[in-house]
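1. Starting from these lines, generate the structure:
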Amino acid sequence: MEPNRGQITGLLLRWSQGDVDALNVLMPLVYEDLRRLANHYLQQEAHVQTLQSTALVHEVYLRLCHQQGPHWDGRAHFFAVAAKMMRRILVDHARRRSAAKRGGGMQPGELDEELVLPIPPTLDLVSLDEALKALAEFDERKCQVVEMRFFAGLSAKDIALVLRTTEATVRRDWTIARAWLYRRLEGEEGS
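-> Okay, here's the model as predicted:
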């Protein structure tokens, strides 16, 4: 039986109010959604180093467990936070991978499910993260829209709920932010 949005929101509210057992009940209900989000931007590519989607979801879970007094405004807010966590995890993974390329000599471990980012292999996640930080300096909302859309695959409707704005505003922010990031990242490659 699939959980309804109200059940998830209720568990998030209980967790916000200090009921740590609510997280244990919540995670099995949202696990497949989190895996779907991870798979949204992780797909099979044999020529690029891999990251396991299950490991990504488990890392998000561990970080959620360490949240001190979380406050959740609902299901969409929860997934927006999960998206931000996934971004941090992926950027950290990219940095470690880059360090390994510079002489770490590490071999990839055995994975039961090989998955990678569905972005061009030439795109540097560390550069993307730096560009997102620059975007956030002058327009935090556009940065949040990119995080929720790109890293979590949230819909314009869900993003609008989290940001307390309209879907039209989210779509406009997404279009502008994508263009800005493209120019920024292209400019870095041309340097």
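
2. Would you mark the buried spots in the helix or strand hosting residue 186?
-> Secondary-structure element containing residue 186, defined by DSSP states H and E: helix 167-190. Buried residues in helix 167-190, counted by 16 or more other CB atoms under 10 Å: 170, 173, 174, 177, 180, 181, 184, 185. C-betas here are computed from N, CA, C, even on glycine.

3. Quick one: mean pLDDT over that helix.
-> Average pLDDT, helix 167-190: 84.

4. so how many other residues sit close to residue 5?
-> Counted with other CB atoms under 10 Å, residues neighbouring residue 5 total 10.

5. One more: residue 59?
-> 19.

6. Could you pull up the residues touching it?
-> Neighbouring residues of residue 59 by CB atoms under 8 Å, 6 or more residues apart in numbering: 85, 89.

7. list the buried ones in the helix or strand encompassing it?
-> Mapping residue 59 onto the secondary structure by DSSP H and E places it in helix 53-65. Neighbour-count burial for helix 53-65, counted by 16+ other CB under 10 Å, picks out 53, 54, 56, 57, 59, 60, 61, 63, 64.

8. That helix: what's the following helix or strand?
-> Moving toward the C-terminus from helix 53-65, the first helix or strand encountered (DSSP H and E) is helix 75-99.

9. Just give me how far the following helix or strand past that next one sits from the chain centre.
-> Once the chain leaves helix 75-99, the next helix or strand it forms, by DSSP H and E, is helix 125-138. Averaged C-alpha coordinates place helix 125-138 at 14 Å from its chain's average position (CA atoms, centre = their mean, to the nearest Å).

10. list the buried ones in helix 125-138?
-> Within helix 125-138, the residues that qualify as buried are 125, 128, 129, 131, 132, 135, counting by 16+ other CB under 10 Å.

11. In a markdown table: these, plus pLDDT.
-> What follows is the buried residues of helix 125-138, written out as a markdown table (pLDDT from 0 to 100):
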| residue | pLDDT |
| --- | --- |
| 125 | 73 |
| 128 | 82 |
| 129 | 86 |
| 131 | 90 |
| 132 | 91 |
| 135 | 93 |
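
12. So of those, which two are at opposite extremes in space?
-> Of all pairs drawn from these, the one with the longest distance (CB to CB) is 125 and 135, at 14.9 Å.

13. Quick one: residues contacting the residue lying closest to residue 169 once chain neighbours are set aside.
-> In space, residue 169 comes closest to residue 160 once its chain neighbours are excluded; the distance is 7.1 Å by CB to CB, 6 or more residues apart in numbering. Counting by CB under 8 Å, 6+ apart, residue 160 touches 166, 167, 169, 170.
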